[in-house]
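Visitor: build me a structure from this.
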Amino acid sequence: MRVLILGGGGTLGAFSAGALRALEDAGWHPDACIASSAGGINLLRALVGGPVEAERFWSNLDWKWIVGDLFRHNPVSGGLLDPERFRARVEEGVDWQKVMDDPRQLGWLVVDLQTGRVSVRGNRTEQTIEALRTVAHASYALPPLLAPLPLGECLLADGGLLRNAPLEFALEMGATEMVYLCNVQVTPHKDWKHARIPAALGRYLDIYIRRASNIGFADAPIVEGRYHGVPFLTIAPPHRLDLRDMLGSMIPTLDRMKRLIELGESSAREALRGAYRVGIHERTSLLDQELGPASIGVRRIYGDPSTVHPSSADGRGRAVRGAAR
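Guide: Model prediction:
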């Protein structure tokens with residue numbers, strides 16, 4: 001079973017939208033998906049219309065209408081974003097019945113604020129369409145941007161900052177291949193020299209944000225491109241996307257979102273080229289430099305970009321697109 005993990009990262013989710021296009025072009029289609037935070041948005045948009053719809057969502061995101069939301073509703077009760085307006089954008093065109101009936105396991109990462117429990121919930125755990133819809137929207141409900149959503153005795157919110165890369169959940173699904181769309185490179189750039197306390201503080205914050213954005217992955221036992229024996233590929237931004245770039249991207253503009261989408265696509269193509277050529281004992285300086293030590297020595301996931309994965313032939317493997325049109 002091929003499992004795609006769509007990581008979070010706020011507006012850096014535009015990076016994953018670009019990566020989805022490269023995965024689709026390469027013919028790598030997941031049998032199951034786990035989505036966290038912004039990844040939950042990407043999954044819903046991709047279910048409507050593939051990578052194109054995911055890219056369109058981020059391209060249309062603009063700081064002006066986000067600021068305007070503050071004056072349209074009560075931010076104390078609903079969050080800084082207008083919840084109805086934002087959710088309407090995210091779920092436009094989604095056929096929730098088709099999501100519920102999708103043969104693939106589709107899950108969203110949420111935290112129950114009542115118990116503190118982080119879990120993956122989706123079309124295999126929820127009994128009603130309304131519950132599934134609530135879970136999907138709760139996966140990106142990060143206070144103070146959006147309020148948590150009640151579901152039964154639970155109060156669900158974005159679980160991304162607590163477990164952005166739930167690799168163990170993918171194993172529980174029965175993963176035989178895993179691809180992680182990582183919107184924040186876990187390792188900082190190496191060309192840094194200690195000068196004074198302000199510089200050291202900046203470096204510390206840089207490392208903290210990177211690790212906090214990759215809980216579940218930052219210290220995962222990935223050896224020779226395998227996670228507990230399962231072939232594993234990370235698609236992440238290069239080191240040149242530093243802390244200032246990441247923080248700047250949190251204020252979305254058309255140009256910034258376009259650059260992130262293009263960067264996601266190009267980074268994914270580089271990572272996939274490495275996956276094609278790297279054997280179990282081989283390493284590549286390209287992946288070492290561009291994707292960080294966690295992605296070194298990526299195990300061969302499939303033989304060649306032109307080769308269709310066997311499970312695609314019998315209809316089990318499908319692109320993310322199309323399930324919810």
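
Visitor: put the alpha carbons of the helix or strand hosting Arg269 into CSV.
Guide: Arg269 belongs to helix 254-277 when assigned by DSSP states H and E. This file holds the C-alpha atoms of helix 254-277, laid out as CSV (Å, rounded to 0.1, in the frame of the first residue of the first chain):
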residue,chain,number,x,y,z
LEU,A,254,0.3,35.9,-5.7
ASP,A,255,4.0,36.1,-6.3
ARG,A,256,5.0,34.3,-3.1
MET,A,257,2.5,31.5,-3.6
LYS,A,258,3.5,31.1,-7.2
ARG,A,259,7.2,30.8,-6.2
LEU,A,260,6.4,28.2,-3.5
ILE,A,261,4.3,26.1,-6.0
GLU,A,262,7.1,26.2,-8.5
LEU,A,263,9.6,25.3,-5.8
GLY,A,264,7.5,22.3,-4.7
GLU,A,265,7.2,21.0,-8.2
SER,A,266,11.0,21.3,-8.9
SER,A,267,12.0,19.9,-5.5
ALA,A,268,9.7,16.9,-6.0
ARG,A,269,11.1,16.2,-9.5
GLU,A,270,14.6,16.2,-8.0
ALA,A,271,13.6,13.9,-5.2
LEU,A,272,11.9,11.5,-7.6
ARG,A,273,15.0,11.4,-9.9
GLY,A,274,17.0,10.5,-6.9
ALA,A,275,14.5,7.8,-5.9
TYR,A,276,14.8,6.3,-9.4
ARG,A,277,18.5,6.0,-9.4
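
Visitor: who does Leu151 bridge with?
Guide: Under the criterion DSSP bridges, Leu151 forms beta bridges with Cys154.

Visitor: list the contacts for it?
Guide: Shown in contact with Leu151 (CB atoms under 8 Å, 6 or more residues apart in numbering): 131, 134-135, 138. For glycine as for every other residue, the C-beta is placed from the backbone atoms N, C-alpha and C.

Visitor: just give me the neighbour total for the nearest residue to Lys190 once chain neighbours are set aside.
Guide: Distances taken as CB to CB, 6 or more residues apart in numbering put His239 closest to Lys190, at 7.3 Å, once the chain neighbours are dropped. Residues lying near His239 (other CB atoms under 10 Å) number 16.

Visitor: just Leu241 next, same as before
Guide: A count of neighbours around Leu241, defined by other CB under 10 Å, yields 21.

Visitor: count the neighbours of the spatially closest residue to it that is not a sequence neighbour for me.
Guide: Excluding the flanking residues, the one nearest Leu241 by CB to CB, 6+ apart is Gln185, at 6.5 Å. Using other CB under 10 Å, Gln185 has 26 other residues around it.

Visitor: gap between Gln185 and Pro237?
Guide: Look at Gln185 and Pro237: by CB to CB, to the nearest Å, they are 5 Å apart.

Visitor: what does Arg117 give?
Guide: Using CB to CB, we find Arg117 at a distance of 31 Å from Pro237.

Visitor: quick check: buried residues in the helix holding Arg269?
Guide: The neighbour-count criterion (16 or more other CB atoms under 10 Å) identifies 256-257, 259-261, 263-265, 267-272, 274-276 as the buried residues of helix 254-277.

Visitor: give me the longest strand you can find in the chain.
Guide: If you go by DSSP state E, the chain has its longest strand at strand 105-112.

Visitor: show me what it is packed up against.
Guide: Counting contacts by 3 or more CB pairs under 8 Å, 6 or more residues apart in numbering; DSSP states H and E, strand 105-112 packs against strand 32-36, helix 38-59, strand 118-122, helix 129-138, strand 154-158, helix 160-163, helix 167-173.
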